[in-house]
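Trainee: here are the coordinates; sequence isn't available:
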C-alpha cells in the first residue's frame, strides 16, 4: 500500500495498529462438559460461508470459555487455515459474541475504527493477502498470522470510513439484485431448454411441418417395418463381413427381438401424433460398452501412445463434440480396449449418467461409456443425442441409490424412444438447433454479464480503498491523528484478556 496514492487525509496502517488480534482453539472433544448443552457459538471455517455471521454449527458450554477468547459482537473473523484459501479468503462480521477454533483469527477493532471497513478491505485485498501472507510447506493452505496482522491497510478518517462502507453496501445491494435477476434468467433458460426438448419428442415442435408435408408422413406400421428391415439388413452385412474376414471369432448373432410395449406401458407415456411410434433404442442402432479389460487400470504400459483415451468427465465437459483428450493408449493399451470411429455417440453410464457427446476423432473409452452407432437409414444420431438429453432425468432414475451411481447397457437398450420418419426427424433437428442456438447465445450473454458484475464488484472495492468512491471532507480529523490517539490509548490502557492473541501464534 503506497501512501502517495491515497488522499491527503488518509494514512497507511496495519491490522495490528487498528485492531486487536485473537486466535482460537478446540476444547477437548473427550471432555463432554465442554460440548454438552452448549450455548456459545464456536466458529470454524465451515461456518464462514456468509459475510454476516449470526450463528455457528457447533456450540460450546460456559465451562469451555475458560480455555477460549470470547470475541465481542461486531468483530472481523477470518479463515487462516483451510483448503478454501487456495481460492478465496473467507471474511465475516459476527452479530453475536462467539468463540473460534484454531483455523480462524478474529480482529476486534479499536474505537472509531469500522469493523465493516476492515472486512471489506480484507476482501478487496484477498488476492494480495493470499499471495503474500500464505505459509510455505503446509499440507493445508494456511495464512501466517503475523504476516496478516502486519498487512498494510488504507485508513481514512473515522467518519469517512462509515460513508465508504455505506456506499459500498448501497452499490453492492443494487449489484446483488442484478446478479440475482441474471441467475434467475439462466435458470429459466434451463427450464426453457427442457421444455423445448420435451415438446420436440412429443411432436409438438413439428405440428406445422406435418400439416404442410402430409405426403411425407408414414404410418406407425410402416415405421416399425422400416426399423425391422434395417436391423435385419445390418445383421446380414455383419455376417458377410465376418465371412469375408475368414470367420474370426464368434459368428455374429441375429438381433435379439425386444418385447412389444404393452398397453399399460404405452398408457404411461406421452401420447404421440399420427406418424409417430414408440420403439426401443436397441432397434435404432448398435450399442456397446467401451473396453478397458487390463488390471490394474493405471498400469503405465497402457498409456503414452497415439490412441486417444477419453473418460466420463471428458464426455460431460464436451460441448456436444469431444475435441480434446488428456490421455492416450499405447499399442498395449489398445490391445485390451477398442478403437471407436469418429462420430460415435458416447453415452455415460457411471458417475455422470446419460451425458452425451460425439467423438471428434477415433478413440477408446472404458466400460463406463457406451458407444452408439445409429442405423442411419432409420434415425439420425443427433436425434438420439437430443432425446437422451430430454430423457436424462428418467434415465438417471434407473440408477440404484448408491454412492457410485451407474446404469447398465440393458437400461439403454430398453430405452423407449419416440420415433418419426427421417424427413420429420430433419424438421425436428432444424427446429431444435435453431431454438437451442438462440438459447445458448442468450445464456452466454447472461454469463458474460455475471462476469462483468464480478469485475464491477472488484472495481468498486478498488475505488473505495483508494479514496475514489466518496469525497473527502477537509474539516474531518486526519487519519494520522486517529491512529496516534489509538496508539496512545493502548500505551496507557492495556486491558487483560483471556485466551491467546493471534499475534502470539504462528
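Mentor: Okay, I see it. Quick caveat: nothing in here was measured; it's all calculated off a predicted structure.

Trainee: what about the closest residue in space to residue 431 that isn't next to it in sequence, which SS state?
Mentor: Excluding the flanking residues, the one nearest residue 431 by C-beta to C-beta, 6 or more residues apart in numbering is residue 205, at 4.6 Å. (Each C-beta comes from the backbone N, C-alpha and C, glycine too.) Following DSSP: H, G, I helix; E, B strand; the rest coil, residue 205 is assigned to coil.

Trainee: correct me if wrong: residue 205 contacts residue 429.
Mentor: No: if you go by C-beta atoms under 8 Å, residue 205 and residue 429 don't touch, sitting 10.0 Å apart.

Trainee: what pLDDT does the residue nearest to residue 431 get?
Mentor: If you check residue 205, the pLDDT there is 97.

Trainee: on that earlier part again, what is in contact with residue 205 and residue 429 at once?
Mentor: In the contact map built from C-beta atoms under 8 Å, 6 or more residues apart in numbering, no residue is linked to both residue 205 and residue 429.

Trainee: that older thread, can you give me the neighbour number for the residue nearest to residue 431?
Mentor: 19 (other C-beta atoms under 10 Å).

Trainee: over to residue 333?
Mentor: The local packing of residue 333 (other C-beta under 10 Å) involves 21 other residues.

Trainee: and it, backbone torsions?
Mentor: In terms of degrees, to the nearest 10, the main-chain angles of residue 333 are phi -70, psi -40.

Trainee: pretty sure residue 308 belongs to a helix, no?
Mentor: No: if the criterion is three-state DSSP, then residue 308 is strand and not within a helix.

Trainee: find the nearest non-adjacent residue to it, please.
Mentor: Closest residue to residue 308 apart from its sequence neighbours, by C-beta to C-beta, 6+ apart: residue 363 at 3.8 Å.

Trainee: can you check the pLDDT for that neighbour?
Mentor: For residue 363, the model assigns a pLDDT of 98.

Trainee: beta partners of it?
Mentor: Taking DSSP bridges as the rule, residue 363 bridges to residue 340.

Trainee: and if you look at the one 10 residues further on?
Mentor: As for beta bridges, residue 373 partners with residue 286 under DSSP bridges.

Trainee: for the protein, which residue is closest to the average position?
Mentor: By C-alpha atoms, centre = their mean, the mean C-alpha position of the chain lies nearest to residue 317, the distance being 11.5 Å.

Trainee: now that one: how far from residue 86?
Mentor: 21 Å (C-beta to C-beta, to the nearest Å).

Trainee: can you pull the contacts of residue 197?
Mentor: 386, 387, 389, 390, 432.

Trainee: closest one to residue 441 out of the residues you listed, please.
Mentor: Closest approach between those and residue 441, by C-beta to C-beta: residue 432, at 14.7 Å.

Trainee: how many neighbours does that closest one have?
Mentor: 23.

Trainee: same check on residue 425?
Mentor: If we define neighbours as other C-beta under 10 Å, then residue 425 has 18 of them.

Trainee: hmm, residue 358 and residue 347 touching each other?
Mentor: No: at 10.7 Å, residue 347 does not count as touching residue 358 under the criterion of C-beta under 8 Å.

Trainee: more neighbours, the two?
Mentor: Neighbour count, other C-beta under 10 Å: between residue 347 and residue 358, residue 347 has more, with 27 against 19.

Trainee: any idea how far that one is from residue 415?
Mentor: Counting by C-beta to C-beta, the gap from residue 347 to residue 415 is 10 Å.

Trainee: what sits in contact with each of those two?
Mentor: In contact with both residue 347 and residue 415: residue 388, using C-beta under 8 Å, 6+ apart.

Trainee: backbone dihedrals for residue 463, both of them.
Mentor: phi -60, psi -40.

Trainee: what helix or strand is the closest residue to it other than its chain neighbours on?
Mentor: With C-beta to C-beta, 6+ apart as the criterion, residue 463 has its nearest non-adjacent residue at 4.7 Å, and that residue is residue 469. Here residue 469, judged by DSSP states H and E, is contained in no helix and no strand.

Trainee: pretty sure residue 209 is touching residue 426, no?
Mentor: No: assessed by C-beta under 8 Å, residue 209 is found out of contact with residue 426, at 9.4 Å.

Trainee: and the two? Which one has more around it.
Mentor: Set residue 209 next to residue 426 and count neighbours by other C-beta under 10 Å: residue 209 wins out with 18 against 15.

Trainee: give me the pLDDT for that one.
Mentor: pLDDT, read off for residue 209, is 97.
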